[in-house]
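Engineer: model this:
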Amino acid sequence: MGHSVGVLFDRVSYAIRELCNITQQARAAFQYATLNIYQASSRQQQVSSQLSSTIQSSSPSSSIALAQLQAMRQQK
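Structural biologist: Below is the predicted model:
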């Protein structure tokens, strides 16, 4: 009886270690994905603010384009 309990304990502890490894890998992958999303969104904000400042400094007729850009930004 004692032998089978030891084998069972080994299997359980191995499974727990594997689960911990998988969990750590998943956490790392999630953090990497979150970082990529954050970088992409901040880059998008930079581009849109550059675009709006370019539109504002060009001509009065492009204020329509600026209004469209702001409307697009609010839809998100």
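Engineer: how far away is residue 43 from residue 29?
Structural biologist: Counting by C-beta to C-beta, to the nearest Å, the gap between residue 43 and residue 29 amounts to 21 Å. Heads up, the C-betas are built off the backbone N, CA and C, glycines and all.
Engineer: Dump stretch 26-39 to PDB, keeping only the CA atoms.
Structural biologist: Included here for stretch 26-39 are C-alpha records, laid out as PDB according to Å, rounded to 0.1, in the frame of the first residue of the first chain:
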ATOM      1  CA  ALA A  26       0.400  31.300 -20.500                       C
ATOM      2  CA  ARG A  27       1.000  34.300 -18.200                       C
ATOM      3  CA  ALA A  28       4.100  35.300 -20.200                       C
ATOM      4  CA  ALA A  29       2.300  35.000 -23.500                       C
ATOM      5  CA  PHE A  30      -0.600  37.100 -22.200                       C
ATOM      6  CA  GLN A  31       1.700  39.800 -20.900                       C
ATOM      7  CA  TYR A  32       3.500  39.800 -24.300                       C
ATOM      8  CA  ALA A  33       0.200  40.100 -26.200                       C
ATOM      9  CA  THR A  34      -1.000  42.900 -23.800                       C
ATOM     10  CA  LEU A  35       2.200  44.800 -24.400                       C
ATOM     11  CA  ASN A  36       1.800  44.500 -28.100                       C
ATOM     12  CA  ILE A  37      -1.800  45.700 -28.000                       C
ATOM     13  CA  TYR A  38      -0.700  48.700 -25.800                       C
ATOM     14  CA  GLN A  39       2.100  49.600 -28.100                       C
END
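Engineer: average pLDDT for that stretch?
Structural biologist: For stretch 26-39, mean pLDDT is 90.
Engineer: Residue numbering should commence at 294 henceforth.
Structural biologist: Happy to do that; since the first residue is 294 now, the last one works out to stretch 319-332.
Engineer: Packing partners of the helix or strand containing residue 335?
Structural biologist: Using DSSP states H and E, residue 335 sits in helix 295-351. Secondary-structure packing of helix 295-351 (3 or more C-beta pairs under 8 Å, 6 or more residues apart in numbering; DSSP states H and E): helix 356-368.
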